[in-house]
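J.: build the 3D model from these lines:
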Amino acid sequence: MPRQTMPAAPAGPLVVAFMNQAGGARKTTSAVTLGTLLAQQGRRILLVDADSQADASLLLGYGVPDQQDRDRVEAAQARLDKMTDIHDVLLGEASLTEAVVPGRTRVGPGDGDDAFAVVPGLDLVLGSRKMTQADAELVQDETGFFWLRDALEEDLPADSYDAVFIDCRASLGRLEVSILVGSDKVIACTKPESKDLRGVAELEKTIERTRHKFRRLGGAAELWHVLISGARSHRAQGAVYQDMVKRAQKRYGDQLLPLVHNSVLAIESYDAQEPLPFWAPGSGIVQDYEKIVPLLDLNAR
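T.: As a prediction, the model looks like this:
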């Protein structure tokens, strides 16, 4: 009698980490904007806010951008502290699905739920300021590097999302290594500046070390694309920026995504708590991101 084989388990969603140890590299803007655009095309996207600043959560309607309004900030934070978030998942105190909330965009004044509308197809794993403690907490758990991989594999039904986007800290610590272990691909976000490109080079080294270290334990993410934000359109706006772009093009070739040009709209979008496709549809910066979307093969592994 021929031997029967078990069917292969569903591959699950593509898991993509947006990373760079340099701050201000527009990781949050890129993850939220691309996730929103894909959701508008009918894809199901889960955005995991793993940054201790929780900027993705704030942009998507959870928190207060104006940190000078102390009473308002404290009231909003008190509500958030009662909700399940990514830090609870990291500690194993909650499942990933328990930390999922709908992605939102502002439609009115105030901080209540009625001030926001749900973005169909875009969900969020709520961020937490307690992620500043993550590196130390992972040291205490001998299997800590696998917390995200386990949460994604055990908590998410295989067909629940087309992709999981992870917004990471400006760091390359133990938390980021654990995110590499739990991810399939990395999009390195950078500005056209030498310190940011150095950050991408360090990220490449971290990726290679992690892939080698975990090669017999299921592997780790590979560098997929490099995304430059804040590019200048004309040499007169800054020759050094143009030179940095040329350096990146020479180094990364086809891995380099179309440039996202500099725009104050990204800052305005954050303050307004409206993702760019809602805040400034049809604008130049949104068109830049729209050129990237077809290049993101969500079936890639």
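J.: separation between Pro157 and Arg44?
T.: In this view, Pro157 and Arg44 are 11 Å apart by Cβ to Cβ, to the nearest Å. All C-beta atoms are positioned from the backbone trio N, CA, C, and that covers glycine.
J.: ok, these two, which is more surrounded?
T.: Arg44 (18 against 10; other Cβ atoms under 10 Å).
J.: can you give me the separation between the more buried one and Leu203?
T.: For Arg44 relative to Leu203 (Cβ to Cβ), the value is 28 Å.
J.: go on, Leu91?
T.: When distance is defined by Cβ to Cβ, Leu91 is 26 Å away from Leu203.
J.: name the single longest helix found in this structure.
T.: helix 194-213 (DSSP state H).
J.: what's the following helix or strand after that helix?
T.: For helix 194-213, the following helix or strand on the C-terminal side (DSSP states H and E) is strand 222-231.
J.: could you give the separation of that next one from the chain centroid?
T.: 13 Å (Cα atoms, centre = their mean, to the nearest Å).
J.: and the contacts of that strand?
T.: 16, 25-26, 29-30, 184-192, 200, 203-204, 207, 211, 241, 245, 248, 252, 255-257, 259-262, 266, 292, 295-296, 300 (Cβ atoms under 8 Å, 6 or more residues apart in numbering).
J.: which members of the residues you listed occur in strands, if any?
T.: Residues of the contacts of strand 222-231 located in strands (DSSP state E): Val16, Lys185, Val186, Ile187, Ala188, Cys189, Thr190, Val260, His261.
J.: filter the contacts of strand 222-231 down to the buried ones and hand me the ChimeraX line.
T.: In ChimeraX, this line selects whichever of the contacts of strand 222-231 come out buried by 16 or more other Cβ atoms under 10 Å:
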select :16,25,26,29,30,184,185,186,187,188,189,190,191,192,200,203,204,207,211,241,245,248,252,256,257,259,260,261,262,266,292,296
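J.: please enumerate the helices of the stretch 51-200 of the chain.
T.: With DSSP state H, counting those that start in this stretch as the criterion, the stretch 51-200 of the chain has helices at 55-59, 70-81, 86-90, 134-139, 147-155, 174-182, 194-213.
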